[in-house]
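# sharing a model that was predicted from the sequence below.
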Amino acid sequence: MRVLDLSSGDVVLDRRLGFAEAMAKAGDYAAAAELMAETLLEAPTWAAGWMLLGDWRCEAGDLDAAAEAWGRLAVLDAEGIFGAGLKLASIGRAVPEPAPAYVEALFDDYAPRFDAALVQRLGYETPQALAALIRVVRPGPRFATVLDLGCGTGLMGAELRAHAGLLVGVDLSEAMLALARKKQIYDRLVRGELLDWLAGLDALAGLVTASDVLNYTGALPPILTAVKARLSQSGLFAFSLETHDGDDALRLGPSLRFSHHPDMAALAAEAAGFRVLARRTHVLRKDRGEPVAGELFVLENPA
Ligand SMILES: C[S@@+](CC[C@H](N)C(=O)[O-])C[C@H]1O[C@@H](n2cnc3c(N)ncnc32)[C@H](O)[C@@H]1O
C-alpha cells in the first residue's frame, strides 16, 4: 500500500503548507495558491507542492496557471504517482505523446539522405560536442559498456568507438541501422524502441548516450528512470535536448519535435536521482536557415 506524502521534508515549508491547506479548506483557493507559489520558490523540486498549487489554481478557475504547475509536476514526479498527465487531460491540456511509428517512418525515409543533409548542409555537430563534453567530465579510462540510444546511422557511435569497450546501438529505424551496420562501428545493433529495449536489458552500462533523440521521445521522466536503472554506479547519461525558454516544461513544435525547458530538465534529472555534472547551450543544427537552440547534458548516477 502506498500513502501519498505531501510533506516537503522541511518543517518551515510544511508549516506554510498547513496555512495554505487551511485557506483552501475555507474556500479561498486563490490565497492558498499564492502562498504555495511563494513557498515553491524555496523548494522548486517539491513535486507534491506543484500538485497542490495546480489543484488550487484549478479550483480558483485559472486553468492556464494550473496547467503550468501540473506541467512542472509532470517533470518532477518520475513515477507518475501524482497523476499529472490525468490532471492536465482533465482540463484539456494533455501532455503530447511520442509517436514511434511516425518516427520510424520518418527516419526510414530520411536515412539515405541523413548523413549528407545533416552534417554537410545543416551543420550538425552534436555527436562531436557531446563526446567532447563527456571527456571533460570523465577524462579517465574507457567505458566498459556504452549504450547509444537512437544511434541512427552511427554518427555518435563514431565519436564513442575509441572510448568504449562494448558499444551497443538501438534504433527504431531499420534503414538508419542498415547504414550504421555498413560502417562497422558498433559491436551490436538492435532494432527497437529505446524504452522497451532498456526495460528488457539486464546488463549495466558505464555510459548511455542519446544525441538528437530525446526531441522525438517527449516527456523526460520515463527516459531518466529507465536509463538510471541500467547505469552502473557513477555511470553517465549524456544527451542533447532541443530547448525553448517558455513557461512550460515540454513543448511540441510545428516541426513535430519536442523541445524542453533546460532548467526544468535539470530539475527532472535531480528528481529522478541523477547529479547534473555538466550543461552547455549548443546550436543543434540549422532548420530552414535558422539555428535550432539546444542544450547538452551529462548526468551521473551517484555512487
Ligand atoms: C536525428 S537522429 C540522430 C541519430 C544519431 N544519434 C546521431 O546523432 O546522428 C534520431 C534517431 O533517433 C531514433 N529514435 C527516435 N525515437 C526513438 C525511440 N523511441 N527509440 C529508438 N530510436 C528512436 C530515430 O529513428 C533516429 O534514427
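Thanks, I have it. From a predicted model like this one, the values you see are computed outputs, not experimental measurements.
# only C-alpha atoms from now on, for both contacts and neighbour counts.
OK.
# wait, a helix at residue 291?
No - Residue 291: not assigned to a helix; according to DSSP: H, G, I helix; E, B strand; the rest coil it is strand.
# any low-confidence regions in the stretch 101-250 of the chain?
Of all residues in the stretch 101-250 of the chain, none has pLDDT under 70.
# in it, which spans are helices?
Secondary structure of the stretch 101-250 of the chain (DSSP state H, counting those that start in this stretch): helices at 126-137, 155-160, 174-183, 194-200, 220-229.
# for residue 114, which of the ones you listed is the nearest?
helix 174-183 (8.4 Å; CA to CA).
# okay, buried residues for that closest one please.
174-181 (16 or more other CA atoms under 10 Å).
# contact residues of the stretch 151-300 of the chain facing the ligand?
151-152, 154-156, 170-173, 176, 192-194, 210-213, 216-217 (CA under 6 Å from any ligand atom).
# go on, the stretch 1-150 of the chain?
100, 103-104, 107, 127, 150.
# show me the chain divided up by domain.
With domains defined by automatic domain parsing, the chain comprises 11-90, 100-300.
# next, format these as a markdown table and append distance to residue 5.
A markdown table is the format used below for the domains of the chain (distance: least, CA to CA, whole Å):
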| stretch | distance to residue 5 |
| --- | --- |
| domain 11-90 | 8 |
| domain 100-300 | 15 |
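# looking at the helices of the stretch 101-250 of the chain, which is buried most?
Ranked by mean neighbour count under mean count of other CA atoms under 10 Å, the helices of the stretch 101-250 of the chain are led by helix 155-160, which reaches a mean of 23.
# and that one, what does it pack onto?
Judged by 3 or more CA pairs under 8 Å, 6 or more residues apart in numbering; DSSP states H and E, helix 155-160 is in contact with helix 126-137.
# got the contact list for the helix it packs on?
155-156, 159-160, 211-212, 238-240, 277-278, 282, 284, 296, 298 (CA atoms under 8 Å, 6 or more residues apart in numbering).
# just those: which are in strands?
Within those, residues falling in strands by DSSP state E are 238-240, 277-278, 282, 284, 296, 298.
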